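> next input, structure requested:
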Amino acid sequence: MIVKSHFSDTARQAFSFLEEIGFHCKNYHSTSLQYETNQVFVTIVWDPQSGELNVYIGLQPREGQSRDDYSLGDILGMQNIEIPERYRPFEVADETQLCKFIEKLANDTRLYAKAALGGDRMFFRRLRMYRDTQSQALMLGMKLRHIRSEIGEAWNKREFDKVANLYVSIESYLTEVEKEKLKYAKSQLREE
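Got it, this is the predicted structure:
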């Protein structure tokens, strides 16, 4: 069983570099730490249930705005930095492993989040655009998977009118094989 204070003590030590660059520790809990300056906040979070360990960074909101933060994965992704943390947060359930992952997260934050830690508003605009683009790509991917699933069902039932209509609805995303299937479906409609 992980000792709850182990996370906060280890994280506070690993992220002490933040205090050296003007941050102060505002909240210190058993599973999260929050550092702040007048411009930026940094939250280090560990979920003991899932083991997920992550860092979130955001600009202090202006009056009337909601607080918006970005994960280290967002920051790494926008900068096209190819390390495993870019794709998914660490999952650490073993107390003996917690320290090395917190230290790795702190080091990655120190190396790759300098612009965010400095409160660079243009960097945060780019982050917002990156995340919006990622979200749109995810939604498009889900839509395409759904339509392709419908196409598969229609193809198996030999409902070529439905196959053709569905393929046409996503024509700009078709693979070469799908383009050939569309041609075939249209030819079957002409024969009917």
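> could you chop this structure up by domain?
Split into domains by automatic domain parsing, the chain comes to 4-119, 136-191.
> I'd like those laid out as a markdown table, including distance to Leu127, mean pLDDT and mean neighbour count.
All C-beta atoms are positioned from the backbone trio N, CA, C, and that covers glycine. Putting the domains of the chain into a markdown table (distance: least, CB to CB, whole Å; pLDDT from 0 to 100; neighbours: other CB atoms under 10 Å) gives the following:
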| stretch | distance to Leu127 | mean pLDDT | mean neighbour count |
| --- | --- | --- | --- |
| domain 4-119 | 5 | 90 | 16 |
| domain 136-191 | 15 | 92 | 14 |
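> the residue lying closest to Gly119 once chain neighbours are set aside and Met122: what is the separation?
With sequence-adjacent residues excluded and distances taken as CB to CB, 6 or more residues apart in numbering, Gly119 is closest to Gln39, at 3.5 Å. From Gln39 over to Met122 the distance is 13 Å, taken as CB to CB, to the nearest Å.
> ditto for Ser135
Distance check for Ser135 against Met122: by CB to CB, it reads 20 Å.
> then Asp69?
17 Å.
> other SSEs contacting whichever strand or helix holds Phe41?
Assessed by DSSP states H and E, Phe41 sits inside strand 40-46. Using 3 or more CB pairs under 8 Å, 6 or more residues apart in numbering; DSSP states H and E as the contact test, the elements touching strand 40-46 are helix 4-14, strand 32-36, strand 52-59, helix 95-112, helix 114-117.
> let's go with 10 Å and repeat that
Under the contact criterion of 3 or more CB pairs under 10 Å, 6 or more residues apart in numbering; DSSP states H and E, the helices and strands touching strand 40-46 comprise helix 4-14, helix 17-20, strand 24-28, strand 32-36, strand 52-59, helix 95-112, helix 114-117.
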